[in-house]
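# Need coordinates for the following:
(2 chains, ligands or ions: 5)
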Amino acid sequence: MHEVLSKAKKTAVTPKNVLTVEGLKAYYINEHFGVRREVRAVDDISLTVQRNEVYGIAGESSSGKSSLIKTLAGAIRPPMRVVDGSVKFDFGGQSIDVYGAPEQLKPARWRHLSYIMQGSMNVLNPVRRVKHSFHDFAYRHMGLSGAAFWSKVRQHLERLGLDPDVLEAFPHQLSGGMRQRITIALATVCEPEFIIADEPTTALDVLVQQDVLGLIKDVQARMQASIIFVTHDMSVHAAITDRLAIMYAGRLAEEGATQALFDNPQHPYTAHLIGSLPRIGDVRVRKSLPGKPPALSDPPSGCRFHPRCPLAIERCSREVPLMQPSATGGRVACFRAGEVVAA
Amino acid sequence: MTDLLRLDHVTKLFPVGGFFSRRSMKAVDDVNFALSADKPEIFAIVGESGSGKSTLAKMMLGNEVPSSGQLSFDGTDVAAIRGRAAREAFMAKVQPVFQNPFEAFNPLTKLDEYLFATAHRFLGASNRGAREAAADAALQRVGLSLSEVRGRYSHELSGGQLQRIAVARALIPNPKLIVADEPVSMVDASLRMSIVNLFRELRDELKVSIIYITHDLATAYYISDRVIIMQKGKVIESGDARTVLEHPTQPYSIALKGAVLPPDPAAASAIIRQRQVVAG
Ligand SMILES: Nc1ncnc2c1ncn2[C@@H]1O[C@H](COP(=O)(O)OP(=O)(O)OP(=O)(O)O)[C@@H](O)[C@H]1O
Ligand SMILES: Nc1ncnc2c1ncn2[C@@H]1O[C@H](COP(=O)(O)OP(=O)(O)O)[C@@H](O)[C@H]1O
Ligand code: SF4
Ligand SMILES: [Mg+2]
Ligand SMILES: [Mg+2]
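Ligands and ions are numbered 1, 2, ... in the order given. Model prediction:
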């Protein structure tokens, strides 16, 4: 995979951004008896994803990971609204401005862009056999005759470690892990150029998880596709992502090459995430962060991490740290970046 | 001394026909173990996807009946519990926390309604104040509060928040046993530790026993007293959690342990590359 990546970089004149996100703000806006309540789940995020790159997003529960990628996938519904910024894809000349010209998105779905939602093992229609879901979602986009289509689907399922007979099953007859793999099969069978996946391997046991990660990487490398991979599991990020963004309370805290981020975290929150991982053979009590995750309807002033940050100084509660180039070649939003030592 | 929970030769067959028509489906195959009533413990069930863990959990909760063998709770055969009152009494003592918080809560029901309904049903909390007090106390135990949850629907909360609410709901009836099916799989490392630490507190302070079903060997090792490892419906290895997970003896358990991804990019991506070669 890394060879493929470096080759692609040599031949391309300039690295091509397939996705460009600028100043994106997306809020859940509720009016309750005339009182307006905003949950600022995505609050001023800018990032780019290149062709042939696996871009990870990590962060604690309710930090806004799902909200962010829902917005990137153009899959938001009221009460969520994009209040500022832009999301633009560029698929080899075909550009899509997701919020500027939303009609451009629909024809690209499944063929160019597929989105695996969190908990999406429930997208399978409970009263229909699995094969109908494949027919409904994928048949039109693959341009294959009936027999060739089904043989391709069966082959794809087998590579995900599933018995192709699952096509005849109803979802309730399958275990959670089987349904999860079927959803991944659905999203990858058309070999799209851009895959957005939210916690796609969290319901899988470690052995199956590795096969599935291997397969996702495989599809990705063959197509030189881009993936945005969201999980809170830092070991999965270690295994599959090229670059990694750490989200905290609706904002990016740090972004950089995965290896650099693990070796040399620049943000205190990144250092905490990496230091808190349990390992077999080690029974030391792991501390969770003091305090609660902030409420995004009323986030802390200044740096949103300041109430829980071991390095916080007075300035942190007054001023918002902006994303700046970091010492390790990435970006970081912290006034004391680089002073952290990995735990 | 009676056992809190006892499984004797518990087997569950799913009818053949339709899918997998070539073979009969033995989802759980001759499982035996017991939890003592005197000594609360955290008992982990680990195994690959489809190995029968959730089916076992459903039988413990009385939602599925064994095809053969016996599963008893407090000395009573669960399959033989008849009558509404006896069933309710059983259900109050054995509470579930499910695999997928997105499945556990109906998207059209407000989350606080679940908590109030549970307080009403099992505690007989008949007025609003009592229900709210019970809900708030349980939410406080998991690091939330009623004011954060009131009036909200499942899609408005993140997976980790939902899972904490599910644990809070399970605590309301003051159960003796919590059957937690993959309670931390949707939760990040920091919260994961706070939930498993919470299980430990429940065991030590409230004397609740916990069946902890998980794919995550690291947390199983970290909190469990005993563990069983399942493969294709059978228990292939069991014993003291630290001993079994440090020195597994069966090939499958060894593979499972070897497959834990290290939190280190170079080592972890090397493992996945190997997998790609095998799969591709
Ligand atoms: N209602 C049903 N009808 C037919 N087969 C079923 C039914 N429920 C479960 N099974 C089968 O029983 C086996 C065990 O399923 P179970 O849900 O217990 O697995 P699990 O160990 O919990 O897996 P996971 O880790 O993926 O959740 C699977 O092969 C599944 O397909
Ligand atoms: N439909 C919604 N209405 C209101 N708030 C929501 C909705 N969905 C999510 N939220 C809130 O947005 C925040 C971010 O949630 P989410 O994006 O699911 O986080 P993550 O995926 O990082 O766990 C949380 O505070 C959550 O409660
Ligand atoms: S800006 Fe201040 S509070 Fe925020 S992470 Fe850096 S040191 Fe901590
Ligand atoms: Mg999420
Ligand atoms: Mg299960």
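# Which strand or helix spans B:Ala266?
helix B:265-279 (DSSP states H and E).
# what mean pLDDT would you report for that helix?
When pLDDT is averaged along helix B:265-279, the result is 77.
# Kindly report the same for stretch A:289-303.
82.
# Is that stretch in proximity to ligand 3?
Yes - on the criterion Cβ under 6 Å from any ligand atom, stretch A:289-303 is in touch with ligand 3 at A:Cys303. No exception for glycine: its C-beta is placed from N, CA and C like everyone else's.
# about what we covered before: which helices and strands does the helix holding B:Ala266 pack with?
Under the contact criterion of 3 or more Cβ pairs under 8 Å, 6 or more residues apart in numbering or on different chains; DSSP states H and E, helix B:265-279 touches helix A:206-223, helix A:234-240, helix A:258-263.
# Could you identify which of those helices is most buried?
Mean neighbour count (mean count of other Cβ atoms under 10 Å in any protein chain shown) peaks for helix A:234-240 among the helices and strands packed on helix B:265-279, with a mean of 26.
# can you pull the pLDDT of the closest residue to B:Phe199 other than its chain neighbours?
Among residues not flanking B:Phe199 along the chain, B:Ile210 sits closest, at 5.2 Å (Cβ to Cβ, 6 or more residues apart in numbering or on different chains). For B:Ile210, the pLDDT comes out at 97.
# B:Ile210 and B:Asp204 touch, don't they?
No - contact status for B:Ile210 versus B:Asp204: not in contact, 11.1 Å apart, counting by Cβ atoms under 8 Å.
# quick one: which of the two has more around it?
A direct count of neighbours by other Cβ atoms under 10 Å in any protein chain shown for B:Ile210 and B:Asp204 places B:Ile210 higher, at 26 against 10.
# so what's A:Pro126 up against?
A:Phe170, A:Pro171, A:His172 (Cβ atoms under 8 Å, 6 or more residues apart in numbering or on different chains).
# how close does it get to A:Pro200?
According to Cβ to Cβ, to the nearest Å, A:Pro126 and A:Pro200 sit 20 Å apart.
# Quick check: nearest residue in space to the residue of the stretch 151-280 of chain B at minimum distance from ligand 2, chain neighbours excluded?
Residue of the stretch 151-280 of chain B nearest ligand 2, by Cβ to the nearest ligand atom: B:Ser158 (3.2 Å). Spatial nearest neighbour of B:Ser158, chain neighbours left out: A:Ser62 (3.7 Å); criterion: Cβ to Cβ, 6+ apart.
# these two touch, right, B:Phe98 and B:Val179?
No - taking contacts as Cβ under 8 Å, B:Phe98 lies outside contact range of B:Val179: 9.2 Å.
# Counting neighbours, go ahead and name the busier of the two.
B:Val179 (26 against 21).
# what residues are up against the more buried one?
B:Ala57, B:Met60, B:Leu61, B:Val94, B:Gln95, B:Pro96, B:Val97, B:Ile211, B:Ile213.
# That one looks like it's in a helix, true?
No - counting by DSSP: H, G, I helix; E, B strand; the rest coil, B:Val179 is not part of a helix but strand.
# how close does it get to chain A?
Distance check for B:Val179 against chain A: by Cβ to the nearest Cβ, to the nearest Å, it reads 15 Å.
# Need the nearest residue in space to that residue, chain neighbours excluded.
Of all residues not flanking B:Val179 in the chain, B:Ile211 sits nearest, at 4.6 Å (Cβ to Cβ, 6+ apart).
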